[in-house]
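Chemist: Dropping a prediction and its sequence here:
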Amino acid sequence: MTRVITYGTYDLLHYGHIKLLERAKALGDYLIVGITADGFDKTRGKINVQQSLIERIEGVRRTGLADEIIVEEYQGQKIDDIIRKEVDIFTVGSDWIGQFDYLNEYCKVVYLDRTKGVSSSEIRASNNEIRLGLVGDTPVLEKFSRECCYVNGIKIVGLYSQDFKIDGIECYADYDSLLQHCDAVYVLSPPKCHYNQIKKALLLGKHVLYESPMTLNTQETKELIQIASEKNLVLYAGIKTAYSTAYSRMILLVKSGVIGDIVSIDATCTSLRYNEGHNPDKLSKTWSSINTWGPIALLPVFQLLGSKYAHKQIISKFSDKSDEYDLFTQINFTYPHSVATIRMGNGVKAEGELIIGGTKGYIYVPAPWWKLDYFECRYENPNDNKRYFYQLDGEGLRYEIVSFLRAISDKSIHYVSRDITLSITQIMEDFVNGQDLVKI
């Protein structure tokens, strides 16, 4: 019996996939099809896969061409599979010619011609492409626009800004004009502008991806959520850390009890880059420390401990140029059985690490923890320590964009829940109103 093996993502299974599988099947008597896992796809830069692993497996199974289906989960697995399953022929599409010649040491390698004019990438790109408008005056929008280039199904059609430009993107001085040309907007303006800009977009039937916080007032946030729900529109929180594989795996591990009961969380996020020299002419357009870092630092606290804290204290040092711009803010939370402290600074520098303490051990994430691609579970006995590594592309922005598009196409779940969105807004509102605030 001649055993044949091939691999692929098989996203949005199409005629080209089926023809390739038919030709692979014809090479032997028994066909093994390896389907790449979601996590492994991300390590290869394929972050805009639209179907889950289960859906892709089911698609291949329904063709009836595979005698056996396996999941590809790690680099080097092809050699392991070929040896373990006694494979005679490895085959893959001709667009990979030469890249798998090293497998000739283990079996025969055959490159098959692909069906011209059809690919999953082209299908994704042509499937209801979303025209996206950018809103704001920060260079972060340049990074965001670059990340959009890696994602099929989205096209940036313009930028609304007063004094900021991006090469190759049309700039609109009027927000209404931008809204006329797009299906969705990414709002990265100062948070005090969010309510009016998001509301106008929603009322005109536009989906919204906003950089958290949504607003600085809980009633305004509730109103926007209600409008989005009534109009069946996506209103999506842009906290890039939430979309990284490492972060989501870390949260699941902690919830599974690997470090016991959570007793403390310490999260620090600081930078000197956003300081702007405390120019009073720029401070009105500059994100303060709590606005910049608060949603990120609050995320693990609220996801792991919830928002039902017994007590909180906000301690802030303000710029001498503005009583609204905090250079540094620390918030202490007391829960019935645990505590949390978050520190945020634009103009103050500290070690940006995340530490989650438990009754059995602790999680350590090195600086800058918000660009999370690695973390450790540490215990009393160092021999029990475990390290976890995950690929991170685009600092999480790329995954955020993909998730936003999926939410539009299939109304998938929000990575940042509505409860957490409202809890973050409540903290911002308390800060603005001076509730539980101590100035230093």
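Modeler: Arrived safely, thanks for sending. Residues are numbered from 1 along each chain as shown.
Chemist: Please count neighbours and contacts with C-alpha atoms only from this point.
Modeler: Fine.
Chemist: residue ranges of the helices in this structure, please?
Modeler: Counting by DSSP state H, the chain has helices at residues 15-25, 38-43, 53-63, 77-84, 120-126, 140-148, 175-180, 194-203, 218-230, 245-255, 289-305, 397-410, 418-433.
Chemist: Looking at those helices, spot the one closest to residue 134.
Modeler: helix 140-148 (7.3 Å; C-alpha to C-alpha).
Chemist: quick revisit: tell me which of the helices of the chain approaches residue 377 most closely.
Modeler: Closest among these, using C-alpha to C-alpha: helix 245-255, at 9.3 Å.
Chemist: list the buried ones in the closest one?
Modeler: For helix 245-255, burial by neighbour count (16 or more other C-alpha atoms under 10 Å) applies to 245-247, 250, 254-255.
Chemist: Residue 109 - how many residues pack around it?
Modeler: 21 (other C-alpha atoms under 10 Å).
Chemist: distance of it from residue 82?
Modeler: Distance of residue 109 to residue 82, given as C-alpha to C-alpha, to the nearest Å: 11 Å.
Chemist: Give me the common contacts of the two.
Modeler: residue 90 (C-alpha atoms under 8 Å, 6 or more residues apart in numbering).
Chemist: coming back round to it: which one in the buried residues of helix 245-255 is the model shakiest on?
Modeler: Ranked by pLDDT, the buried residues of helix 245-255 bottom out at residue 245 (83).
Chemist: Now the nearest residue to that residue once chain neighbours are set aside: phi and psi?
Modeler: Spatial nearest neighbour of residue 245, excluding adjacent residues (C-alpha to C-alpha, 6 or more residues apart in numbering): residue 390 at 6.6 Å. Dihedral pair for residue 390: phi -140, psi 140, per degrees, to the nearest 10.
Chemist: Make sure residue 390 is actually in contact with residue 371.
Modeler: No: using C-alpha atoms under 8 Å as the test, residue 390 is too far from residue 371 to be in contact (11.1 Å).
Chemist: In the sheet, which residues pair with the residue lying closest to residue 97 once chain neighbours are set aside? Tell me.
Modeler: Nearest residue to residue 97, sequence neighbours excluded (C-alpha to C-alpha, 6+ apart): residue 111, at 6.3 Å. Per DSSP bridges, the residues bridged to residue 111 are residue 92.
Chemist: What residues does residue 111 make contact with?
Modeler: Residue 111 touches 91-94, 96-97, counting by C-alpha under 8 Å, 6+ apart.
Chemist: how about the strands in the stretch 201-350 of the chain?
Modeler: For the stretch 201-350 of the chain, applying DSSP state E, counting those that start in this stretch gives strands covering 207-211, 235-238, 262-271, 311-318, 326-334, 339-346.
Chemist: Make JSON lines from the ones you listed and add mean pLDDT, mean neighbour count and distance to residue 190 to it.
Modeler: As requested, those are exported to JSON lines (pLDDT from 0 to 100; neighbours: other C-alpha atoms under 10 Å; distance: least, C-alpha to C-alpha, whole Å):
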{"stretch": "strand 207-211", "mean pLDDT": "97", "mean neighbour count": "25", "distance to residue 190": "9"}
{"stretch": "strand 235-238", "mean pLDDT": "95", "mean neighbour count": "26", "distance to residue 190": "14"}
{"stretch": "strand 262-271", "mean pLDDT": "97", "mean neighbour count": "22", "distance to residue 190": "18"}
{"stretch": "strand 311-318", "mean pLDDT": "96", "mean neighbour count": "18", "distance to residue 190": "18"}
{"stretch": "strand 326-334", "mean pLDDT": "96", "mean neighbour count": "21", "distance to residue 190": "14"}
{"stretch": "strand 339-346", "mean pLDDT": "96", "mean neighbour count": "24", "distance to residue 190": "15"}
